[in-house]
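> what follows is a predicted structure for the sequence shown.
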Amino acid sequence: MILSLAFSAALSLAPLATALHADEKPKTCSRCDDWNAPVDPYPLAENTWYVGTKGLSSVLVVDEDGLVLIDGGLPQSAARILDNVRKAGFDPSRIRWILDSHAHFDHAGGIAALARITGAQVAAGRNGVIALTHGSYHPDDPQKGFGASAHFPPVRRVHAVDDGDVITVGRTTITAVASPGHAPGGMSWRWRSCHDGACRDVVYLDSLNPVSTDDYRFTDHPDVVSALRATEDRLAALPCDVAMAAHPDQLPATSDASTTPCAAYAEEGRENLRKRLEKERR
């Protein structure tokens, strides 16, 4: 009896494991563990921090009146992103907006949890809203054929934005740059980082890769090809001193001072699309 009581007492004193909320249930995929490997946060510009994981970008834009977070990684990335926000010296409860680049599980998967935990509002491109609120890819997405394996936690409420719309927190204005092609409703985001009167243009670049299921042919979808090409041109023309891509390893290095990071990224996108179309025509 004494042993039994002691065991019961020990159980009552043991810390209870915190159950994961449904919107934080880990997503499994061949690259998910590597993508979600932790990295420490680091500054990109005066008011901008990288707070994402090894392979999935998440960027924090800082203003005295609040914070803006761009992209949420996988569902299991949410906790790591919030930890990085804290490590960078900021309070996640001050996040006012979460902005989405495109509604795929590896960039939007953590948004539902992040919005729930922080109370932030969410904004995305108009077609991205359809995908985010359903937790599944848009019907016109080249990757729609992945089906349920690509589903992610739906986001209850999402504000639709169009090209040129702005999100403002305090003195910081973030402008939406329409970037469809990789996914319907894709958005890049740009803002200025200023210190002591010197300002730099910062851009968060949406994906340009022509990725699809095996049975999808871009040559059969000229509207998607046109959208990608228009996005490449639009991004290449942006004022762009500092850039971050939705996958950090997809931002090419450039030593040419006459080429902006955005222009180099767009050129790589053009080459990837050219190779994809050439492969389909063989």
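That came in fine, so what should we check first? Numbers count the residues shown, from 1 in each chain.

> any weak-confidence spans in this protein?
Applying pLDDT under 70 to the chain flags residues 1-18.

> which residues touch the residue nearest in space to the middle of it?
Centroid-nearest residue in the chain: residue 71, 2.8 Å away (criterion: C-alpha atoms, centre = their mean). Listed by C-beta atoms under 8 Å, 6 or more residues apart in numbering, the contact set of residue 71 reads 52, 56-59, 99-101, 107-108, 111, 204, 246. Every C-beta, even on glycine, is put in place using the N, C-alpha and C of the backbone.

> what about it, distance to residue 218?
Distance from residue 71 to residue 218, counting by C-beta to C-beta, to the nearest Å: 25 Å.

> ok, residue 130 - contacts?
For residue 130, the contacting residues are 138, 184-185, by C-beta under 8 Å, 6+ apart.

> and what of residue 262?
Here residue 262 is in contact with 203, 205, 235-236, 238, 240, 243 (C-beta under 8 Å, 6+ apart).

> residue 85 now?
So residue 85 contacts 41, 49, 51, 60, 67, 69, 91-92, 95 (C-beta under 8 Å, 6+ apart).

> ok, now with 6 Å
For residue 85, the contact set (C-beta atoms under 6 Å, 6 or more residues apart in numbering) comprises 51, 60, 92.

> do residue 44 as well
Contacts of residue 44 (C-beta under 6 Å, 6+ apart): 50, 242.

> and it, what element?
strand 42-45 (DSSP states H and E).

> swap in residue 128?
Assigned by DSSP H and E, residue 128 belongs to helix 126-134.

> run through who's touching whichever helix or strand residue 188 is part of.
Per DSSP H and E: residue 188 is located in strand 187-195. The set of residues external to strand 187-195 that reach it, using C-beta under 6 Å, 6+ apart, is 45-48, 70, 99, 125, 174-177, 179, 199-206.

> quick check: angle from the helix holding residue 128 to strand 187-195?
Orientation of helix 126-134 against strand 187-195 (axes from the mean of the first three to the mean of the last three C-alpha atoms, to 10 degrees) gives an angle of 100 degrees.

> return the set of buried residues in helix 126-134.
Neighbour-count burial for helix 126-134 flags 126-133 (criterion: 16 or more other C-beta atoms under 10 Å).

> can you lay out the residues you listed as TSV showing distance to residue 155?
Output for the buried residues of helix 126-134, formatted as TSV (distance: C-beta to C-beta, whole Å):
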residue	distance to residue 155
126	14
127	14
128	10
129	9
130	11
131	10
132	5
133	6
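
> and those, which is closest to residue 153?
Closest approach between the buried residues of helix 126-134 and residue 153, by C-beta to C-beta: residue 132, at 9.7 Å.

> which residues are in contact with that closest one?
Counting by C-beta under 6 Å, 6+ apart, residue 132 makes contact with 103, 108, 124, 155, 158.

> in CSV: those residues, plus secondary structure.
Listed next are the contacts of residue 132 as CSV, based on DSSP: H, G, I helix; E, B strand; the rest coil:
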residue, secondary structure
103, coil
108, helix
124, strand
155, coil
158, coil
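
> closest one of these to residue 211?
The closest of those to residue 211 turns out to be residue 103 (C-beta to C-beta; 14.2 Å).

> just give the nearest non-adjacent residue to the closest one, would you?
Of all residues not flanking residue 103 in the chain, residue 131 sits nearest, at 3.4 Å (C-beta to C-beta, 6 or more residues apart in numbering).
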